[in-house]
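Trainee: Sequence and computational prediction follow.
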Amino acid sequence: MNAEPLLNEIARALEECGLEAVLVGNAAAALQGAPVTTLDFDFMFRKSPSNLRKLKSLARQLSGSILTPYYPSSNLYRLMVEDRGIQLDFMSTLHGIRSFEGLRSRATKAEFGGHSLWVADLRDIIRSKRALARPKDRAVLEILERTLREKERS
């Protein structure tokens with residue numbers, strides 16, 4: 001599956017609603033050349049009343065709904081577009097990452113359909129997966145670290 005049309009749509013919608021978020025996880029790693037796959041898109045954002053309103057606006061633009069799949073005070077907001085099978089997870093905290101500002105300062109902008117999307121640095125993705133230490137995160141660490149070494153050599 002080519003995710004570019006979907007990333008074009010997500011980048012446009014994020015820009016239109018003014019929600020600043022950084023793509024993290026396997027989707028961000030794949031954009032940097034890591035041979036990994038994922039079925040969802042994970043983002044880190046600043047949790048504030050204003051950004052929660054922007055997240056609701058994003059859900060309307062994408063014709064989706066927002067769920068809090070865990071405890072209501074959780075820092076995870078899942079935007080689902082059920083009829084298209086799209087899942088976007090927005091987190092205000094990320095294991096191994098001290099702050100959104102720090103993550104954002106190391107991220108790079110990628111262009112999709114004429115719209116910008118912030119993509120986390122591969123080092124931050126590795127740091128987060130290492131800190132999470134879930135079996136599925138540990139399973140891709142070697143691949144991500146190899147990709148990082150290859151990027152640093154070139």
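Mentor: Done, it's in.
Trainee: going forward, measure contacts between C-alpha atoms and count neighbours the same way
Mentor: Fine.
Trainee: Settle this for me: Val22 is touching Ser116, isn't it.
Mentor: No. Taking contacts as Cα atoms under 8 Å, Val22 lies outside contact range of Ser116: 10.6 Å.
Trainee: Other residues contacting the longest helix along the chain?
Mentor: As assigned by DSSP state H, the longest helix anywhere in the chain is helix 135-153. Counting by Cα atoms under 8 Å, 6 or more residues apart in numbering, the neighbours of helix 135-153 from elsewhere in the structure are 29, 33-36, 122-123, 126, 129-130.
Trainee: cool, stretch 69-85 as well?
Mentor: 47, 59, 62-68, 86-93.
Trainee: Show the average pLDDT along it.
Mentor: On average, the pLDDT along stretch 69-85 is 83.
Trainee: do the same with stretch 98-108
Mentor: Mean per-residue pLDDT for stretch 98-108: 97.
Trainee: Name the residues that touch that stretch?
Mentor: Under the contact criterion Cα under 8 Å, 6+ apart, stretch 98-108 has outside partners 22, 44-46, 92-93, 97, 118-121, 124.
Trainee: out of those residues, which are inside helices?
Mentor: Where the contacts of stretch 98-108 overlap with helices, as defined by DSSP H, the overlap consists of Asp124.
Trainee: quick one: which of the contacts of stretch 98-108 has the most company?
Mentor: By neighbour count, taken as other Cα atoms under 10 Å, the most surrounded of the contacts of stretch 98-108 turns out to be Ala120 (27 neighbours).
Trainee: Just the ones in strands from the contacts of stretch 98-108, please.
Mentor: Here DSSP state E is the test, and the contacts of stretch 98-108 give 22, 44-45, 118-119 as lying in strands.
Trainee: Mind picking the two most distant members of the residues you listed?
Mentor: Distances among the ones in strands among the contacts of stretch 98-108 were taken as Cα to Cα; the most separated pair is Phe45 and Val119, at 12.1 Å.
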